[in-house]
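J.: Here is a sequence together with a model predicted from it:
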Amino acid sequence: MKYSIAIFALFTVAMAQMKKVTRQSAVDTSAPAMTNANGDVIPFDAANVYQANKANGL
């Protein structure tokens, strides 16, 4: 019984179609980064930090 279950498991793995996973463009993790107002990851620049409260007048 265990043998047939093991064979069936190996068969299903062998017959499974490999699904390609889409990946994001790689971000260099050794360099400082931040997100802009649109949520995009960009290199850190202290002069261009998006400040939501300042943009909304708070």
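T.: Cool, got the structure. In this text, all values refer to a predicted model and were calculated from it rather than measured experimentally.

J.: Tell me where the chain has helices.
T.: 2-15, 52-55 (DSSP state H).

J.: gap between the shortest one and the chain center?
T.: It stands for helix 52-55. 27 Å (C-alpha atoms, centre = their mean, to the nearest Å).

J.: Output it as PDB - backbone C-alpha positions only.
T.: The C-alpha trace of helix 52-55 is given here as PDB (Å, rounded to 0.1, in the frame of the first residue of the first chain):
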ATOM      1  CA  ALA A  52       2.200  62.600   2.100                       C
ATOM      2  CA  ASN A  53       1.300  64.800   5.000                       C
ATOM      3  CA  LYS A  54       3.000  67.800   3.500                       C
ATOM      4  CA  ALA A  55       1.400  67.100   0.100                       C
END
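
J.: going forward, begin numbering at 831 instead of 1
T.: Sounds good: first residue 831 from here, last item helix 882-885.

J.: Confidence-wise, which of the helices of the chain is weakest overall?
T.: Per-stretch mean pLDDT for those is lowest at helix 882-885 (a mean of 76).

J.: Now do the buried residues in it.
T.: Buried residues in helix 882-885, defined by neighbour count with 16 or more other C-beta atoms under 10 Å: none. All C-beta atoms are positioned from the backbone trio N, CA, C, and that covers glycine.

J.: Now do it: everything it contacts.
T.: Ala867 (C-beta atoms under 8 Å, 6 or more residues apart in numbering).

J.: Met864 bridge partners, please.
T.: Ile872 (DSSP bridges).
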